[in-house]
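In: I'd like to go over a predicted model; first the sequence, then the structure.
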Amino acid sequence: MKAFVSQALQGALQQLHAQGSIPGIPATLELDRPKQGEHGHLASNIALLLARIAGRKPRDLAAEIVAALPASEWIARAEIAGPGFINFFLQPAAFHTVIRQVRAEREGFGANRSGAGQRLQLEFVSANPTGPLHVGHGRGAAYGASLANILRFNGYDIFCEYYVNDAGRQMDILAASVYLRYLEAAQALPWPFPSNTYRGEYVRAVATRLRERVGNRLLYAATGLPDLPKIGDGDLAIDTLIAHLKQSLGEDYRVLHSAGLDEILDDIRDDLIGFGVHYERWYSEHSLMNTGAVDAAVAALEAAGHCYIHEGALWFRATAFGDDKDRVLRRDNGAYTYFASDVAYHAEKFARGFTRIIDMWGADHHGYVPRVKAALRALGLDDQCLEVVLVQFAVLYRGTEKVSMSTRAGEFVTLRALREEVGNDAARFFYVLRRADQHLDFDLELAKKHSEENPVFYIQYAHARVYSLLRQTTEKGLSLPPAAGSIDLEPLQDPREWALADTLWRFPEVVATAARDREPHQIAFYLRDLAAAFHTYYNSTRILVDDTPLRHARLTLCTAVAQSIANGLRLLGVSAPEQM
RNA sequence: GCGCCUGUAGCUCAAUCGGAUAGAGCAACGGCCUUCUAAGCCGUAGGUUACAGGUUCGAUUCCUGUCAGGCGCACCA
């Protein structure tokens, strides 16, 4: 519909161009939706933009453009206002068309094909499998999954991926932690549980289950156990412990290692599926090591002459590519850094031929962006294809009271606990209510409220109200509008009905800009607007009237609203109940 | 110290890649249920868009500086 007005405008401009009144025509014409009702349904600033290059007064130019507009059945009139805006007022027929469109396209209403043929890879959450997901990860999950849905709705081919850091030192620390809890359970731990290991309850649970499986068979590694309290609380103590376990357990170390990894990863998968978050692939860091991809990536950087040896470590000259420091790829002990495998991982993403790669990272990783981009450029890849979205932290509140989330003590709030407390719908919605780069205050009390204060219920209620109307219609023995075929919408002559239809017509636009800007919150805000517009209409107008053509037309409008709400909620992973 | 992000109503946030009189929700105050769900609606009040300059017909938006907050500055991930 916007395209229709845009076309008319384009026609006028072409005519003026042919006459020589204006030197050129912009490739894209912007049509704004004015805030003020008196400014019409759509407005163009084209005369203001062209005035300078044409050397004309904006208002004069606007008058010429309006005069050149082709006749149209949808445009009622065009007015010139302010410094030179052209305001378009639409005919009711234009609004009726939107309602018909929703009716015809159903769950496809709002979609477009602008991303057709483009393959995008989205990587999000990718939390270390060293413990259950917490509420911070939940935001990344909700954001990533919603963005994936929105991009798919824009025709993109989306591939979601979770990068599993199953190879690093953190996993060894987890294995060590599990072992210590295992000793503890067998009353074979000679000193208190150390503070710089993973101390969450879940580690104890893993150890308990390990003990159920293998009994006391792994106790033998307690012999010669390093005296941690004596060594101290630093990294040295942990590394000594890990080295001891690897040497002493030999092949059995894998049992220990996977006891933690497998169980925690299963829990994360299960948690995300329960949250409506699905991945095309879980990509193992370990597999990158195994296939030699890391060796290859590092060798490629070396071959290109971007590396040097310093104090026994292999460094990448990141400063030559815009980073503020050079970065270590391989430590003096021969082990690759996390950075090395991440370079390999990203190089591998490029090799898979995605049009674009979008990483969603916690905001605390922002310093990491320049070095990854630097490495990609050093490998001769186009770092513009990598887009990094930094997701800020979420802070939980219970009313006005901040919920503390100390990871050190292992007492963080898990995503699972949050989902159980407020429900998936509220959690998914609240998480995407803010732009990714804004801090998020998540109020648990509000999320649980079943009232207008809670935007999720406010929107779902609007949807349910429409279904209630449909139920009432049959109960009263009245006829419903035909499900398919033609419908007469001429009875809709109330400006309030046009306003509601006008809001419907914004949905496809919001879907497009939300995708362009990577901003799911635009959908959330739109849905609140649409629900409000519906509630207003519902309160002002009786739907179930005896006049059959009018009732049919109004019910058709209402079901179009419900359909749009359902489509929008679906993009956010929130259910659209028919009854509340 | 350097870098990234942010600063908008009492609170939480919007503002369509520079547009007209900066908008919502919550909180506050005042109204609306013998009629389709009051889980709702209507109205009132609330602003020097942190501050100072600059670019522009036009700036919350772009540029520079100052102030304030968050995050980061590992041979951790």
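Out: Thanks, I have the structure now.

In: per-domain residue ranges of chain A.
Out: As assigned by automatic domain parsing, chain A contains the domains A:2-90, A:119-162+A:279-391, A:163-278+A:401-448, A:453-571.

In: least confident of the ones you listed, on average?
Out: Mean pLDDT values for the domains of chain A show the minimum at domain A:2-90, a mean of 83.

In: tell me if it is near RNA strand B.
Out: Yes - using CB under 7 Å from any atom of the strand, domain A:2-90 comes into contact with RNA strand B via A:28, A:30, A:32-36, A:38-40, A:43, A:45, A:48-49, A:52, A:58, A:81-83, A:85, A:87. Backbone N, C-alpha and C define where each C-beta goes, glycine included.

In: again, but for stretch A:190-208
Out: No - Stretch A:190-208 stays out of contact with RNA strand B when judged by CB under 7 Å from any atom of the strand, the minimum separation being 11.6 Å.

In: next, the distance between the ends of that stretch.
Out: 18 Å (CA to CA, to the nearest Å).

In: so what touches it?
Out: Residues outside stretch A:190-208 that contact it (CB atoms under 8 Å, 6 or more residues apart in numbering): A:130-132, A:173-174, A:176-182, A:184-185, A:225, A:227-229, A:233-235, A:237-238, A:259-260, A:263-264, A:267, A:408-411.

In: so where do the helices sit in the stretch 251-400 of chain A?
Out: A:252-274, A:285-290, A:293-303, A:338-351, A:369-378 (DSSP state H, counting those that start in this stretch).

In: could you give the angle of the third one to helix A:338-351?
Out: Orientation note: helix A:293-303 sits at an angle of 90 degrees relative to helix A:338-351 (axes from the mean of the first three to the mean of the last three CA atoms, to 10 degrees).

In: how about residues contacting helix A:293-303?
Out: Residues contacting helix A:293-303 (CB under 8 Å, 6+ apart): A:288, A:307, A:314, A:316, A:329-330, A:336, A:340-341, A:343-345, A:347-348, A:375, A:378-379.

In: any of the residues you listed buried? List them.
Out: For those, a burial check counting by 16 or more other CB atoms under 10 Å picks out A:288, A:307, A:314, A:316, A:329-330, A:336, A:340-341, A:343-345, A:347-348, A:375, A:378-379.

In: need the residues of the stretch 301-450 of chain A near RNA strand B, please.
Out: A:310-313, A:324-325, A:327-328, A:331-333, A:335, A:337-339, A:363-368, A:390, A:392-393, A:433-435, A:437-441, A:450.

In: so how do I select the buried members of the residues you listed in ChimeraX?
Out: To isolate the buried members of those in ChimeraX, using 16+ other CB under 10 Å:
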select /A:327,328,337,339,368,390,392,433,434,435,440
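
In: mind listing which of the contacts of stretch A:190-208 are in helices?
Out: Members of those lying in helices (criterion: DSSP state H): A:173-174, A:176-182, A:184-185, A:228-229, A:235, A:237-238, A:259-260, A:263-264, A:267.

In: just the buried members of those residues?
Out: A:173-174, A:176-182, A:185, A:228, A:237-238, A:259-260, A:263-264, A:267.

In: contacts only, for A:Phe534.
Out: Counted by CB under 8 Å, 6+ apart, A:Phe534 has contacts A:Ala462, A:Arg465, A:Val466, A:Leu500, A:Cys558, A:Val561, A:Ile565.

In: and those residues near RNA strand B, which?
Out: Checking the contacts of A:Phe534 against RNA strand B (CB under 7 Å from any atom of the strand), the matches are A:Arg465.

In: check the contacts of A:Phe534 and tell me the two furthest apart.
Out: Maximum pairwise distance among the contacts of A:Phe534 (CB to CB): 13.3 Å, between A:Arg465 and A:Leu500.

In: looking at those two, which is more packed in?
Out: Set side by side, A:Arg465 and A:Leu500 show more neighbours around A:Leu500, with 26 against 19, by other CB atoms under 10 Å.

In: who's in contact with the more buried one?
Out: Taking CB under 8 Å, 6+ apart, we find A:Leu500 in contact with A:Ala533, A:Phe534, A:Tyr537, A:Leu557, A:Val561.

In: how about these in a markdown table, adding secondary structure?
Out: Listed next are the contacts of A:Leu500 as a markdown table, based on DSSP: H, G, I helix; E, B strand; the rest coil:
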| residue | secondary structure |
| --- | --- |
| A:Ala533 | helix |
| A:Phe534 | helix |
| A:Tyr537 | helix |
| A:Leu557 | helix |
| A:Val561 | helix |
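
In: correct me if wrong, but A:Ile65 is in a helix.
Out: Yes - assessed with three-state DSSP, A:Ile65 lies in a helix.

In: do I have it right that A:Asn463 meets A:Ser564?
Out: That one is not Asn; residue A:463 is His. No - between A:His463 and A:Ser564 there is no contact under CB atoms under 8 Å: 9.5 Å.

In: residue in the stretch 251-400 of chain A with the shortest distance to RNA strand B?
Out: Of all residues in the stretch 251-400 of chain A, A:Gly367 sits closest to RNA strand B, at 2.6 Å by CB to the nearest atom of the strand.

In: tell me which residues touch A:Val372, please.
Out: A:Phe339, A:Asp342, A:Val343, A:His346, A:Leu386, A:Val388.

In: quick one: those residues as JSON lines, columns for distance to A:Ala300 too.
Out: Shown next, in JSON lines, are the contacts of A:Val372 (distance: CB to CB, whole Å):
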{"residue": "A:Phe339", "distance to A:Ala300": "15"}
{"residue": "A:Asp342", "distance to A:Ala300": "14"}
{"residue": "A:Val343", "distance to A:Ala300": "9"}
{"residue": "A:His346", "distance to A:Ala300": "12"}
{"residue": "A:Leu386", "distance to A:Ala300": "17"}
{"residue": "A:Val388", "distance to A:Ala300": "22"}
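
In: pLDDT value on A:Ser451, please?
Out: pLDDT, A:Ser451: 68.

In: no wait, A:Gln91
Out: So A:Gln91 comes in at 89 (pLDDT).
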